[in-house]
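Peer 1: just a sequence and a predicted model for now, questions to come.
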Amino acid sequence: MGAEVVIEGLTKSFGRQTIWRDVTLTLPPGEVSVMLGPSGTGKSVFLKSMIGLLKPERGKCVVNGVDIVRCSEHKMYETRKLFGVLFQDGALFGSMNLYDNVAFPLREHTKKSETEIRRIALEKLEMTGLAGAEKKLPGEISGGMRKRAGLARALVLDPEIILCDEPDSGLDPVRTAYISQLLVDLNAQIDATILIVTHNINLARTVPDNIGMLYRKELVMFGPREVLLTSDEPVVRQFLNGSRMGPIGMSEEKDQAQMAREQAHAAAGHHDGSTEEVRGIVPQLKPTPGLPDRAGARRRMDRVMRGLHTLPRAAQDGIIQSLSPEEQRYYNIGSRHQGPPQGATNPQPQRSAPLPQRQPQHQGQLPADQVAQLPGKPGGRYGYGGPRQGGQ
Ligand SMILES: Nc1ncnc2c1ncn2[C@@H]1O[C@H](COP(=O)(O)OP(=O)(O)OP(=O)(O)O)[C@@H](O)[C@H]1O
């Protein structure tokens, strides 16, 4: 199982420009999370801070007991080996063929023999659908293939945590769907903790277990996917709908006058840029048939069900509707759910057919106060509000 990443009160500035402040969240082990946010809100800076490439002024980022923000160079170097990173452009060496690109971290960071390196590099190229393309140079292949090669290279040191910075950028919708499926399949196979930064709403709606959003220098929200996907928060709805209507403007947030002008235009029938009203929970992608089930998805559902009563009503309803009859029995959910489900805090298995083995430990709980306050809205909380009590 991948490592848990605990981020507390992280704050990053460049000179006088604060990028984000007081970001607190936990990436549960082996689960897939997505970070959304308008351009320039510091998502890439966030990923770089997680691996120690940038130094936040305050806060912690703890992996396996090591705080990346404050640890020694030696510890950071060691801890970084737990991470596999897919950079936006794949960051491949242009003069090396794909095989040598993928083998590079093994040659740099391990003492493995060339035979062993070959076995691992070819296995990762195969996992990412690049078998047969080993001899190609990055300049000779498509953007989608470059992304997959970047992913293969991120996998060779068997990372416990994978960070993907816009894995969809520059890809058409079909290739984006393939890379989404690839990420889900990888998670099923290696149970790594994955954090994806993306602007792609399809990917955000179908891939992750948890979704967060950065906006106006703060973490607006981080929690189970169902909370964000059913949120009524204007900034979240605007972002998910890709609409001009809402608080997000072309550069910074809008003022009241601009909002009013846009509303007047919309009332007069002027199109707001979105193609449809996107709201509600769509089914999450499952691993390709033949691959194992995602252990992270099962652990997450146990965790979410334990804290179901703390979620907003729309998220609760969506989660319950998404359960199969067998899962509803497992979690003691009646066919007509009213209020907090019986057994949600202590599910008693009542199964007619065996479900896969569940992990007994309660690792990776999202702290209750991970759902941060929206800037400018004192007291407003989303998802599981309430004081931090170390989870549910
Ligand atoms: N090394 C740096 N020095 C100074 N400012 C920086 C540095 N790196 C990033 N920034 C600034 O931090 C802000 C956030 O940048 P970042 O690339 O993290 O945004 P983003 O949310 O990933 O954007 P996008 O979605 O467009 O990729 C930007 O204003 C950028 O100019």
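Peer 2: Arrived safely.

Peer 1: quick one: residues contacting Leu122.
Peer 2: 99, 131, 134 (C-beta atoms under 8 Å, 6 or more residues apart in numbering). C-beta coordinates here come from the backbone N, C-alpha and C atoms, glycine included.

Peer 1: buried set for the host helix or strand of it?
Peer 2: Taking DSSP states H and E as the definition, one finds Leu122 inside helix 114-127. Neighbour-count burial for helix 114-127, counted by 16 or more other C-beta atoms under 10 Å, picks out 117, 120-122, 124-125, 127.

Peer 1: those strands in the stretch 101-250 of the chain, which residues are they?
Peer 2: In the stretch 101-250 of the chain, strands defined by DSSP state E, counting those that start in this stretch lie at 161-165, 193-197, 210-215, 218-224, listed in chain order.

Peer 1: in CSV: those, plus mean pLDDT, mean neighbour count and distance to the ligand.
Peer 2: As requested, the strands of the stretch 101-250 of the chain are exported to CSV (pLDDT from 0 to 100; neighbours: other C-beta atoms under 10 Å; distance: least, C-beta to the nearest ligand atom, whole Å):
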stretch, mean pLDDT, mean neighbour count, distance to the ligand
strand 161-165, 94, 24, 7
strand 193-197, 96, 26, 7
strand 210-215, 93, 26, 7
strand 218-224, 92, 26, 13
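
Peer 1: what about those strands, which gets the closest to Ala177?
Peer 2: strand 193-197 (14.2 Å; C-beta to C-beta).

Peer 1: can you tell me the strand partners of the closest one and which way each runs?
Peer 2: When pairing is defined by DSSP bridges, strand 193-197 lines up against strand 32-36 (parallel), strand 161-165 (parallel).

Peer 1: the first one - what's its average pLDDT?
Peer 2: The average pLDDT for strand 32-36 rounds to 96.

Peer 1: what backbone torsions are found at Glu78?
Peer 2: phi -70, psi -40 (degrees, to the nearest 10).

Peer 1: neighbours around it, how many?
Peer 2: 13 (other C-beta atoms under 10 Å).

Peer 1: what's the spacing between it and Lys286?
Peer 2: Separation of Glu78 from Lys286 (C-beta to C-beta, to the nearest Å): 35 Å.

Peer 1: ditto for Gly94
Peer 2: From Gly94 to Lys286 the distance is 36 Å (C-beta to C-beta).

Peer 1: same thing with Ser322?
Peer 2: Distance, Ser322 to Lys286, using C-beta to C-beta: 12 Å.

Peer 1: next one: Asn202
Peer 2: 16 Å.

Peer 1: Met213 now?
Peer 2: Counting by C-beta to C-beta - Met213 and Lys286 are separated by 25 Å.

Peer 1: check what pLDDT Gln359 gets.
Peer 2: Note for Gln359: predicted pLDDT of 40.

Peer 1: from here on, count from 41
Peer 2: From this message on, residue numbering opens at 41, which makes the last subject Gln399.

Peer 1: what's opposite Leu65 in the beta bridge?
Peer 2: Beta-bridge partners of Leu65, as defined by DSSP bridges: Ile47.

Peer 1: quick check: it touching Ile47?
Peer 2: Yes - between Leu65 and Ile47 there is a contact at 5.3 Å, judged by C-beta atoms under 8 Å.

Peer 1: can you list the buried residues of helix 154-167 in JSON lines and add pLDDT and distance to Arg343?
Peer 2: Listed next are those as JSON lines, based on pLDDT from 0 to 100; distance: C-beta to C-beta, whole Å:
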{"residue": "Ile157", "pLDDT": "94", "distance to Arg343": "38"}
{"residue": "Ile160", "pLDDT": "92", "distance to Arg343": "33"}
{"residue": "Ala161", "pLDDT": "93", "distance to Arg343": "36"}
{"residue": "Leu162", "pLDDT": "93", "distance to Arg343": "37"}
{"residue": "Lys164", "pLDDT": "88", "distance to Arg343": "30"}
{"residue": "Leu165", "pLDDT": "91", "distance to Arg343": "34"}
{"residue": "Met167", "pLDDT": "83", "distance to Arg343": "28"}
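
Peer 1: of all the helix elements in this protein, which one is longest?
Peer 2: Ranked by number of residues, the top helix in the chain under DSSP state H is helix 213-230.

Peer 1: show me what from this protein comes close to the ligand.
Peer 2: 54, 59, 77, 79-85 (C-beta under 6 Å from any ligand atom).

Peer 1: now the residue lying closest to Pro199 once chain neighbours are set aside: phi and psi?
Peer 2: Computed as C-beta to C-beta, 6 or more residues apart in numbering, the closest residue to Pro199 that is not its neighbour in sequence is Gly124, at 3.3 Å. Per-residue torsions, Gly124: phi -120, psi 130 (degrees, to the nearest 10).

Peer 1: so Gly124 makes contact with Ala192?
Peer 2: No - using C-beta under 8 Å as the test, Gly124 is too far from Ala192 to be in contact (9.8 Å).

Peer 1: show me what contacts the residue nearest to Pro199?
Peer 2: 194-197, 199, 201-203, 232.

Peer 1: helices and strands of the chain: which one bottoms out on pLDDT?
Peer 2: helix 296-307 (a mean of 68; mean pLDDT, DSSP states H and E).

Peer 1: past that one, which element shows up next along the chain?
Peer 2: Proceeding C-terminally, helix 296-307 gives way to helix 335-346 as the next helix or strand, assigned by DSSP H and E.

Peer 1: relative to strand 250-255, how tilted is that following helix?
Peer 2: If you take axes from the mean of the first three to the mean of the last three C-alpha atoms, to 10 degrees, helix 335-346 sits at 80 degrees to strand 250-255.

Peer 1: give me the buried positions along the helix or strand just after helix 335-346.
Peer 2: As assigned by DSSP H and E, the chain's next helix or strand after helix 335-346 is helix 353-362. In terms of neighbour count (16+ other C-beta under 10 Å), helix 353-362 has its buried residues at 354-356, 358-360.
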